[in-house]
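S.K.: could you look at this predicted model? Sequence included:
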Amino acid sequence: MTIFPLRKLFAAAVVAACLPLAPHVASAAPAANLPDFTDLVDKVGPSVVNIRTTTHVSASPHGLPPGTDEGDMSEFFRRFFGIPLPQGPHGQSPHGGQGGGQGGGQDASPPDSGSDAEQNSGVGSGFILSTDGYVMTNAHVIDDADSIYVTLTDKREFKAKLIGVDDRTDVAVVKIEARSLPAVTIGDSNKLRVGEWVVAIGSPFGLENTVTAGIVSAKGRDTGDYLPFIQTDVAVNPGNSGGPLINMQGEVIGINSQIYSRTGGFMGISFAIPIDEAMRVADQLERSGKVTRGRIAVAIGEVTKDVADSLGLPKAQGALVSSVESGGPADKAGIQPGDIIQKFNGQTVDSATDLPRMVGDTKPGTKATITIWRKGQTRELPIAIAEMQADKTAKGDQKKAPAPKPRASNSLGLSVTDVPADQLNQLKIKGGVLVESVGGPAARAGLQKGDIILRVGDTDITGVKQFEEVTARLDPQKMVAVLVRRGENTQFVPIRPRNPGQK
C-alpha cells in the first residue's frame, strides 16, 4: 500500500472540495453496466438444495446439538449469532425441518429412544437434476454418511437414497421420492469464457440459499486426473460444496467443489467441476450406480521444453511414457518407456493430463489408435482399451455396503495390507503396505488399488499396524506427502487428511 504525506492528502482534499459537483446521473451511469442477478436467482434458487449427512453414534449425555463441540466455527455461530448447525441428536432442526413436524418432509426419522442417535456429520449443497428427484452433489459431501437428508427451499425434507459416487471426479448422485420438482437447466461449460460473470448458490456454514457472484478467473486448471477445473473468484466456503455454478443465462456450468485456502476460509480462489464432465459421470451413475473407465496401463509425465528440444519435437506437448505395465494393453500394443504419446484416436494430446481423460472416456473393450513419437519418427499403434477398476458401486442398502468401512479406516481413505514377501523381493523394497481399496482424499489424489505406500511424511512404512498409527496422528489442516510405488515408478503424492468423522 502506498502511503502519501499528510500535507499532500490535505491539498488533494482542498482541490476536490473546489471542484463543481457532477450531475447525479453521471455518478449513477457506471452502475447501469453492472449485472443484475435477481432474475437469475429467482429462476435457479428453488432448484438448489441443502444436504446434510448423519452418522450413528452414542447419544451425548449432555444433550448438546451435534457440531457445537466439533470446532471453533460452530461455537462462534452459536454464541454470537444464535445459529446452530442443522439437526440435533434427536431430530431438532433450527429451520423447521425434520423432527419438529413443521417441514412436511417425507421419510423423516423419529427421535431415537435407544442409546444410539443420528449425529450430524456434515452439511453441503446440491441441485435438482430432474423433476423426479435426482440430485447432484459432491462425493465428499456424502462421504461415509449413514443417512443423507435433502432439504428443499420450501422446507420439505427427504431422506435420500444414494445412487452412486465417483471419488475421482468428486461427483455423487442421490435420489429423493418426490415429483414435479424444479430442475436446473444444464449449460455447456466448453463455451464458458474467462472474465465471464458467474454465480454460486449454496449453504456456506449451513446458511441455505446463500448467493455469491464473481467472474471466471481461468479454465482447465489441472488438479486431478479427470478434473480440468473452472477457477473463479466467487466466494465459496464450507457448505457450498456440491452447489451449482451458474452463468448469466441461468444455466449450470459447474459444481462448486474446492477452494484454495491457508486458513480454511475463502481467500479469493475457488474451483468448480465442469458440468460436462460431471454429467458424463452422473449419467453412468444413474444407469448402473458406477462409473466405467478405460485404461491402457502406462505411467506418464509431462514433455518439457528441454525434452522436446533434445528429441527434435517442434512443440513441448504430449505425454511422456515413463513405464509400461507388463502384459497390459500398452505393452501388448508395443508402447515402450520413452515414447511420447502425441494423439489418442486422432485427438491431440496437448499435455500429460489430457491423456487419462481421453482414455477414461473410452469404453473398455473397444479398439483405439495411439500416435507416438519414437526416435525421430511418428508411429500409429492399435490398442485394445481395458477397464479401470471402479472406485465404488452403489448398493441397494447403503448401510450394508462394504465399501465405506475400509474407506473410513484412516484419515487418508485407504484400506491396506502387508506386501507379500515375494513382491518385496521382486521390487527390491524393504517395507511398505499394499493398497487394497481407495476412497476419500486418497482417491481424489489419484491413488489406486495395487499401489504400495512406502512413506507417509518423513516416516518409512513398515507394516499395516504402523501405517494406521502414523495416519491416526496426521494433522487434517496440513498436506502430507505420501511416497507411492506404482509399477516401476515412485513418486510423492500430496494428500490432505480428513478429520475424524468428516464428510
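M.R.: Arrived safely, thanks for sending.
S.K.: list the contacts for residue 298?
M.R.: The contact partners of residue 298, taken as CB atoms under 8 Å, 6 or more residues apart in numbering, are 321, 322, 323, 324, 325, 328, 330, 335, 341. Glycine gets a C-beta too; all of them are placed from N, C-alpha and C.
S.K.: what sits against the fourth one?
M.R.: What it means is residue 324. So residue 324 contacts 297, 298, 299, 330, 331, 335, 336, 337 (CB under 8 Å, 6+ apart).
S.K.: so the first one sits against residue 333, correct?
M.R.: No. In terms of CB atoms under 8 Å, residue 297 does not count as a neighbour of residue 333; the distance is 10.0 Å.
S.K.: got the domain ranges for the chain?
M.R.: 47-163, 185-288, 293-388, 402-495 (automatic domain parsing).
S.K.: for those domains, which one sits closest to residue 40?
M.R.: For residue 40, the closest of the domains of the chain is domain 185-288, at 5.0 Å, according to CB to CB.
S.K.: distance between the ends of the closest one?
M.R.: End-to-end distance for domain 185-288: 23 Å, by CA to CA, to the nearest Å.
S.K.: run the chain-centre distance for it.
M.R.: The chain centre lies 10 Å from the centre of domain 185-288; the measure is CA atoms, centre = their mean, to the nearest Å.
S.K.: and the residue nearest the centre of the chain, how far from residue 136?
M.R.: Closest residue to the average C-alpha location of the chain: residue 170 at 3.8 Å, with CA atoms, centre = their mean. As judged by CB to CB, to the nearest Å, residue 170 and residue 136 stand 11 Å apart.
S.K.: which neighbours do these two have in common?
M.R.: Counting by CB under 8 Å, 6+ apart, the residues touching both residue 170 and residue 136 are residue 255.
S.K.: mind listing the strands for the stretch 201-350 of the chain?
M.R.: 210-222, 228-232, 244-246, 251-259, 270-274, 293-295, 298-302, 319-324, 340-344, 347-348 (DSSP state E, counting those that start in this stretch).
S.K.: need the contact list for residue 244.
M.R.: Contacts of residue 244 (CB under 8 Å, 6+ apart): 44, 47, 48, 127, 184, 200, 201, 202, 252, 254, 255, 256.
S.K.: might one say that the second one is in contact with residue 184?
M.R.: Yes. Distance between residue 47 and residue 184: 4.5 Å, which falls inside the contact criterion (CB under 8 Å).
S.K.: what do these two both touch?
M.R.: In contact with both residue 47 and residue 184: 127, 128, 244, using CB under 8 Å, 6+ apart.
S.K.: partners of the closest residue to residue 333 other than its chain neighbours in the sheet?
M.R.: Spatially, and ignoring its direct neighbours in sequence, residue 333 is nearest to residue 383 (4.0 Å; CB to CB, 6 or more residues apart in numbering). Legend: beta-bridge partners of residue 383 under DSSP bridges are residue 368.
S.K.: residue 383 and residue 367 touch, don't they?
M.R.: Yes. The pair residue 383 / residue 367 is scored as a contact, 7.3 Å apart, by CB under 8 Å.
S.K.: look at these two and report which has more neighbours.
M.R.: residue 383 (24 against 10; other CB atoms under 10 Å).
S.K.: mind pulling up the pLDDT for that one?
M.R.: Listed pLDDT for residue 383 reads 95.
S.K.: distance of it from residue 185?
M.R.: Counting by CB to CB - residue 383 and residue 185 are separated by 38 Å.
S.K.: and residue 358, by the same measure?
M.R.: 28 Å.
S.K.: and those two? Which one has more around it.
M.R.: Counted by other CB under 10 Å, residue 358 and residue 185 do not tie: residue 358 has more neighbours, with 20 against 13.
S.K.: pretty sure the more buried one belongs to a helix, no?
M.R.: Yes. Judged by DSSP: H, G, I helix; E, B strand; the rest coil, residue 358 forms part of a helix.
S.K.: which residue comes closest to it once chain neighbours are left out?
M.R.: That would be residue 344: by CB to CB, 6+ apart, it lies 4.5 Å from residue 358.
S.K.: ok, residue 132 next?
M.R.: residue 179 (6.1 Å).
S.K.: now do the helix or strand containing residue 122: which elements does it pack against?
M.R.: Taking DSSP states H and E as the criterion, residue 122 maps to strand 116-128. Packing partners of strand 116-128 (3 or more CB pairs under 8 Å, 6 or more residues apart in numbering; DSSP states H and E): strand 48-58, strand 134-138, strand 197-202.
S.K.: so which of these is nearest residue 145?
M.R.: It's strand 48-58; of the helices and strands packed on strand 116-128, that one is closest to residue 145 (CB to CB) at 3.5 Å.
S.K.: what residues of that closest one count as buried?
M.R.: 48, 49, 50, 51, 52, 53, 54, 55, 57 (16 or more other CB atoms under 10 Å).
S.K.: tell me the most packed of the contacts of residue 244, by neighbour count.
M.R.: Going by other CB under 10 Å, residue 255 tops the contacts of residue 244 with 30 neighbours.
S.K.: can you pull the contacts of it?
M.R.: 136-138, 170-171, 242-245, 272-273, 275, 278.
S.K.: nearest to residue 149 among those residues?
M.R.: residue 137 (12.0 Å).
S.K.: model confidence for the closest one, exactly?
M.R.: 96.
S.K.: run through the stretch 151-300 of the chain and note the low-pLDDT ranges.
M.R.: Along the stretch 151-300 of the chain, the model assigns pLDDT under 70 to residues 223-226.
S.K.: what's the answer for the stretch 1-150 of the chain, then?
M.R.: For the stretch 1-150 of the chain (pLDDT under 70), the answer is 1-32, 57-117.
S.K.: got the contact list for stretch 329-344?
M.R.: 295-298, 300, 303, 311, 313, 317-325, 348-349, 355, 358-359, 368-374, 378, 381-386.
S.K.: show me how to select, in PyMOL, the buried members of these.
M.R.: To isolate the buried ones among these in PyMOL, judged by 16+ other CB under 10 Å, type:
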select buried, resi 295+296+297+298+300+303+313+317+318+319+320+321+322+323+324+325+349+355+358+359+368+370+371+372+373+374+381+383+385+386
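S.K.: pretty sure residue 268 contacts residue 231?
M.R.: No. Applying CB under 8 Å, one finds residue 268 not in contact with residue 231, separated by 10.5 Å.
S.K.: show me the helices in the chain, by range?
M.R.: 6-18, 24-28, 38-44, 72-80, 275-288, 305-311, 329-333, 354-360, 404-407, 421-427, 440-444, 464-472 (DSSP state H).
S.K.: contacts only, for residue 492.
M.R.: 481, 482, 483, 484.
S.K.: quick check: it vs residue 458, distance?
M.R.: 12 Å.
S.K.: now swap in residue 442 and tell me
M.R.: For residue 442 relative to residue 458 (CB to CB), the value is 19 Å.
S.K.: next: residue 187.
M.R.: 46 Å.
S.K.: could you check which of these two has the larger neighbour count?
M.R.: residue 187 (20 against 7).
S.K.: give me the nearest residue to the more buried one, chain neighbours excluded.
M.R.: Using CB to CB, 6+ apart, the closest residue to residue 187 is residue 251 (2.9 Å).
S.K.: verify the stated contact: that neighbour with residue 191.
M.R.: No. Using CB under 8 Å, residue 251 is not in contact with residue 191; the gap is 9.6 Å.
S.K.: the more surrounded of the two?
M.R.: A count of neighbours by other CB under 10 Å puts residue 251 above the other of residue 251 and residue 191, at 21 against 11.
S.K.: show the contacting residues for that one.
M.R.: 184, 185, 186, 187, 188.
S.K.: isn't residue 453 up against residue 433?
M.R.: Yes. Using CB under 8 Å, residue 453 is in contact with residue 433, at 5.1 Å.
S.K.: touching both of these two, which residues are there?
M.R.: With CB under 8 Å, 6+ apart as the test, residue 453 and residue 433 both reach 416, 461, 467.
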